[in-house]
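Engineer: after the sequence you'll find the predicted model.
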Amino acid sequence: MNELAIKDLLYKLADDQLILGHRNSEWTGFGPILEEDIAFSSMAQDKIGHSLAFYTLLHELGEAEPDTVAFTRNANQFHNNQLVELPNGEYDFSLIRHFLYDNAEIIRFEMLSQSSYEPIAKVAMKLKGEVKYHVLHANTWIKNLGTSTEEALIRLQSSLNEALPYALGMFEKSTYEQELINAGVYAGEEAVKSEWLKRIQAVLEKTELRLPDLKSKEPKLGGRYGEHTEHLQPLLDEMAEVFKIDPTAEW
Amino acid sequence: MLTKEDILILLEEVKDPEIPVLSLVDLGVITGVEVSDKNHVTVNMTPTFAGCPAMDYMKKDVELTLEKHGISNHTVNMTFDKPWDSNKLTERGRKHLKEFGLAPPPKYDLILDLDILEHVKCPYCESENTTMRTPFGPTLCRSMHYCNNCKQMFEQFKPL
């Protein structure tokens, strides 16, 4: 198997989780209710732990130490999709993003747990159980708030319309897509996306929210190839601020 | 000459730092112990939750405990080779959790359906008339519930 293809897959998995983990952590101390503050903080901790598991696999393939990889790259070296780097906005936007992202993430892990590349399969097998809790959390709140007040519906629907093009960008194909599929490493973005649509539709059908016509939404692509919104670099600067004071410090 | 059983007895001393009644052996995170011909001790561990900040601490604690007992020739690995799930908690571990006031994770067959979180048994009064308040609690491995019978909040060690 082409090692570049494996690394490319690992980078996109790891970077998605590091960046969303950091965004989730920005809710610490600011959640609309205490339980949500704790939930987003816990998911931040999980996601950063998940990114570490994938950065560790990259390190085993010869890439730099996880901390170095996480804290010293610039935005154009990150492979995350653009959805995860967008600012948190208000709670409705963060919740919609969490719903759209984690329903895709769990499918990736389910599929990768069957991967022919054993190190990824082992990690994915473990992480898919943890992400179940993220999906449960997202789906519960979407069902509750998506059947509640007029204000909730207007806010959620508007966030859904806004986030969807970025969510479609999660499924941007890699240069090595076909190679990974042929080798049985990964089922590929098309397979993830079609299962994702079924699952988010099943939840949205229980609410008064409607998935916009996908044909009217142009996916926001480029994230997998280092093209990002203006929001990523400031996030990275803040995330690495302490690390950069003394990169050799023992913690 | 040390045996695997000797090491497992020593490791009984190492407790979960967040749940001091629970040993790492009962928690199920010690996945393998080997003693080589040359008395080199290898302990394999696996995290409960991948993001658990206590895992590094537990690994160090295992190393320190081995050294305290004069075993300096050791390797402690943290791997996903045999991933942790909550069915790996021993019966003794479950009992200790309950005494500590934490509902033990329900056992499940093959595939975990999180619907079982809806009616977790209250560790105080045994009622199943309970409601999950949130799947995220004070640590990654705990969810929060309310008992409609004895009117108390309680935490559960999450099934995984």
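Structural biologist: Looks like it came in fine.
Engineer: so what pLDDT did A:Thr248 get?
Structural biologist: Listed pLDDT for A:Thr248 reads 86.
Engineer: likewise for B:Ile19?
Structural biologist: B:Ile19 is given a pLDDT of 89.
Engineer: bridging residues for it?
Structural biologist: As for beta bridges, B:Ile19 partners with B:Asp16 under DSSP bridges.
Engineer: for it, give its distance to A:Arg199.
Structural biologist: B:Ile19 is 34 Å from A:Arg199, where distance means CB to CB, to the nearest Å. (C-beta placed from N, C-alpha, C; glycine too.)
Engineer: how far does stretch A:165-174 stretch from start to finish?
Structural biologist: 18 Å (CA to CA, to the nearest Å).
Engineer: centroid-nearest residue for chain B?
Structural biologist: B:Leu27 (2.7 Å; CA atoms, centre = their mean).
Engineer: do I have it right that that one meets B:Leu89?
Structural biologist: Yes: assessed by CB atoms under 8 Å, B:Leu27 is found in contact with B:Leu89 at 6.3 Å.
Engineer: so, low pLDDT: which residues of chain A?
Structural biologist: Judged against pLDDT under 70, chain A has no low-scoring part.
Engineer: can you classify the residue of it found nearest chain B as helix, strand or coil?
Structural biologist: Going by CB to the nearest CB, chain B is nearest to A:Gly49 of chain A, at 2.2 Å. Assigned with DSSP: H, G, I helix; E, B strand; the rest coil, A:Gly49 falls in the helix class.
Engineer: who touches it in this structure?
Structural biologist: A:Gly49 sits next to B:Pro47, B:Phe49, B:Ala50, B:Gly51, B:Cys52 when contact means CB atoms under 8 Å, 6 or more residues apart in numbering or on different chains.
Engineer: repeat that for B:Asp16.
Structural biologist: Contacts of B:Asp16 (CB under 8 Å, 6+ apart): B:Leu22, B:Ser23, B:Leu24, B:Leu27, B:Ala54, B:Met58.
Engineer: neighbour-wise, which of B:Ile19 and A:Arg199 wins?
Structural biologist: Counted by other CB atoms under 10 Å in any protein chain shown, B:Ile19 and A:Arg199 do not tie: B:Ile19 has more neighbours, with 19 against 15.
Engineer: now for that one: which residues touch it?
Structural biologist: B:Leu97, B:Phe100, B:Leu102, B:Phe157.
Engineer: farthest pair in these?
Structural biologist: Using CB to CB, these reach their maximum pairwise distance at B:Phe100 and B:Phe157, which is 9.5 Å.
Engineer: neighbour count winner among the two?
Structural biologist: B:Phe157 (27 against 15).
Engineer: tell me the pLDDT at that one?
Structural biologist: For B:Phe157, pLDDT reads 93.
Engineer: average model confidence for stretch B:76-95?
Structural biologist: 94.
Engineer: so for it, what gets flagged as buried?
Structural biologist: The neighbour-count check on stretch B:76-95 (16 or more other CB atoms under 10 Å in any protein chain shown) flags B:Val76, B:Met78, B:Phe80, B:Lys82, B:Pro83, B:Trp84, B:Asp85, B:Ser86, B:Lys88, B:Leu89, B:Gly93, B:Arg94 as buried.
Engineer: quick check: bridge partners of the second one?
Structural biologist: Legend: beta-bridge partners of B:Met78 under DSSP bridges are B:Met45.
Engineer: hang on, isn't it packed against B:Thr48?
Structural biologist: No: using CB under 8 Å, B:Met78 is not in contact with B:Thr48, being 11.5 Å away.
Engineer: what sits in contact with each of the two?
Structural biologist: Taking CB under 8 Å, 6+ apart as the contact rule, B:Met78 and B:Thr48 both touch B:Met55.
Engineer: so what's residue 106 closest to, chain neighbours aside?
Structural biologist: Because you didn't say which chain, this covers chain A. A:Val131 (4.7 Å; CB to CB, 6 or more residues apart in numbering or on different chains).
Engineer: not quite, go with chain B.
Structural biologist: Per CB to CB, 6+ apart, closest to B:Pro106 is B:Ile116, 5.2 Å.
Engineer: can you verify that neighbour is assigned to a strand?
Structural biologist: No: counting by three-state DSSP, B:Ile116 falls outside a strand, being helix.
Engineer: helices and strands around the helix or strand hosting A:Leu180, which ones?
Structural biologist: Secondary structure from DSSP states H and E places A:Leu180 in helix A:177-182. Judged by 3 or more CB pairs under 8 Å, 6 or more residues apart in numbering or on different chains; DSSP states H and E, the packing partners of helix A:177-182 are helix A:3-25.
Engineer: I'd like to know which elements the helix it packs on is packed against.
Structural biologist: helix A:34-60, helix A:91-112, helix A:118-145, helix A:177-182, helix A:232-239.
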